[in-house]
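Colleague: predicted structure and sequence below. I'll ask about it afterward.
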Amino acid sequence: MAAAQPNPGSALGRETAPRLESAPGRMRRIVRESWDRSIARRVDPDLQHAPIRLDDALLRQQRQEHPLAVALPVVRRLLAHHAEDAGLIVAIGDAHGRLLWLEGDRGLRGRAESMGFVEGSDWSEAAVGTSAPGTALALGRAVQIDRAEHFGRLVQPWSCSAVPVRDLATGEVLGVLDITGGSDAVAPVTLPLLEATVAAVEAELQLERMRRRADAGRPAARAGAPARRPVRRGAAPRAPPLLRLLGVERAELVAGGRTVTLTPRHAEILALLAWHPDGVSAERLTAELYGREDALVTLRAEIVRLRAVLREAAPSLVPASRPYRLPQQLVTDAHRLRAMLDRGAHRLALAAARGGLLPGSTAPGVVALREELRARLRTTLLEGASIDVLLDYARTDEAALDMEVQRVCLELLPRRSPRRAELVERIAALEASLG
């Protein structure tokens, strides 16, 4: 796919036309669109050094105040040590693309200084053009940029992968986690490792918030009262309840260290209430469960039975009435799938989505949720997934008969790829079946 050409008669066109001649021959869509944004912002493709936005004092202040500081041990344990062994650099940036911490191979970090890949530098798209950390922040999802796909000439010997880090409670992007180096930085195993680390970081931030709330809720010690025994870090609040709905015959509720297998109807009720945290009227819930509104008495009986189960398994989730709603937000693996798609964790999302949401359910509301997730997965993968992930998706039952998915895979594969033959045969078979 060729890069979009600016108007040669404009000043911008005259400045960037020579640069576009050196663009990769087959640009991926996300790269082409990033180059377009870089051109529109008049980024200098021959920039010799990323701009430094944080001097030493500001860098120290940002490190002390930034929420990702509490997750540094997680990054070092899961990623930085492996990156150093593999000859890679791990960078943690803020939501503006400014690098706050660098870890990993010291020799490679020394070489990266020549292009300004240092703590305090700005690697947003507006500053340096297309790069994994900047483009990941611009799109709000995972990105891999391989060598010549970089907008800046000086960066083209490098490759990088990056994933935004979000606040799970608000969805706000807090920063970005990046791996930079040679070809290993965009290897197939790199992005899943990066995505898993980001998921662990986001979970740690959520636990930290719970710790602070627990500390804030403790009464202050009275003068002369015996000192409370300090709370150990390992005694953190338990994880919030989780409802498992994806690809399972019987849904499971994980709460308070226990796992409870739910009846199909109870799973459907909890799934719908979890998806509508503001509540659902009795009439609407009846229609979404039974497909009609004259089953209100049946619904009320199920709610009574569900409340009895939850009083034993998860008292904080016993539904309230008028409208029916859960007293606290219930996280489901479907919510997590949606978060994976939002941040571009395509491979993890594809693995999580296998089987669909409560695949055996025929409740109209559940079927609608299942189709919503299926459509979102398809659209997100078609718009931004790597060819390897798309090929895996194309082989699933849901996409095997999807002509557009097959054609996009064929378009993205290099001409000499041995995998093209399988796709050509599959497309021909689909065309024949459609007459």
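Modeller: Cool, the structure landed. Numbering: from 1, shown residues only.
Colleague: break the protein down into its structural domains.
Modeller: Domain assignment for the chain by automatic domain parsing gives 30-208, 238-400.
Colleague: just those domains: most buried one?
Modeller: domain 30-208 (a mean of 20; mean count of other CB atoms under 10 Å). No exception for glycine: its C-beta is placed from N, CA and C like everyone else's.
Colleague: span of it from start to end?
Modeller: Chord length of domain 30-208, first to last residue, is 34 Å (CA to CA, to the nearest Å).
Colleague: repeat that for stretch 271-280.
Modeller: Note: stretch 271-280 ends 12 Å apart using CA to CA.
Colleague: repeat for stretch 115-134
Modeller: Chord length of stretch 115-134, first to last residue, is 15 Å (CA to CA).
Colleague: avg pLDDT for that stretch?
Modeller: The pLDDT scores in stretch 115-134 average 96.
Colleague: again, but for stretch 370-382
Modeller: For stretch 370-382, the mean per-residue pLDDT is 93.
Colleague: mind checking how far it is from the chain centre?
Modeller: Put simply, stretch 370-382 sits 14 Å off its chain's centre (CA atoms, centre = their mean, to the nearest Å).
Colleague: list the contacts of it.
Modeller: Stretch 370-382 is contacted by residues 334, 337-338, 341, 346, 349-350, 353, 356-359, 361, 389-390, 393, 398-399, 402, 404-405, 408 when judged by CB atoms under 8 Å, 6 or more residues apart in numbering.
Colleague: do stretch 66-79 as well
Modeller: Stretch 66-79 has contacts (CB under 8 Å, 6+ apart) with 63, 90, 92, 94, 100-101, 103, 165, 167, 174-175, 177, 179, 193-194, 196-197, 200-201, 204-205, 208.
Colleague: and those, which of them are in strands?
Modeller: Val90, Ile92, Asp94, Leu100, Trp101, Glu103, Val165, Leu174, Gly175, Leu177, Ile179 (DSSP state E).
Colleague: excluding chain neighbours, what is closest to the second one?
Modeller: The reference is to Ile92. Leaving aside its chain neighbours, Ile92 sits nearest to Trp101 (4.4 Å; criterion: CB to CB, 6 or more residues apart in numbering).
Colleague: dump the residue contacts of that neighbour.
Modeller: Trp101 neighbours (CB under 8 Å, 6+ apart): Arg63, Leu72, Ala91, Ile92, Glu119.
Colleague: cool, and Leu272?
Modeller: Applying CB under 8 Å, 6+ apart to Leu272 gives the contacts Val280, Leu285, Glu288, Leu289, Ala363, Gly365, Val366, Leu369.
Colleague: what do you get for Val163?
Modeller: Counting by CB under 8 Å, 6+ apart, Val163 has contacts Ala136, Arg141, Ala142, Val176, Leu177, Leu191, Leu194, Glu195, Val198, Arg343, Gly344, Ala345.
Colleague: three-state assignment of it?
Modeller: The local conformation at Val163, judged by DSSP: H, G, I helix; E, B strand; the rest coil, is strand.
Colleague: can you give me the pLDDT of it?
Modeller: pLDDT for Val163: 95.
Colleague: and Ala112, by the same measure?
Modeller: The model reports Ala112 with a pLDDT of 93.
Colleague: wait, it sits on Ala185?
Modeller: No - distance between Ala112 and Ala185: 11.4 Å, which falls outside the contact criterion (CB atoms under 8 Å).
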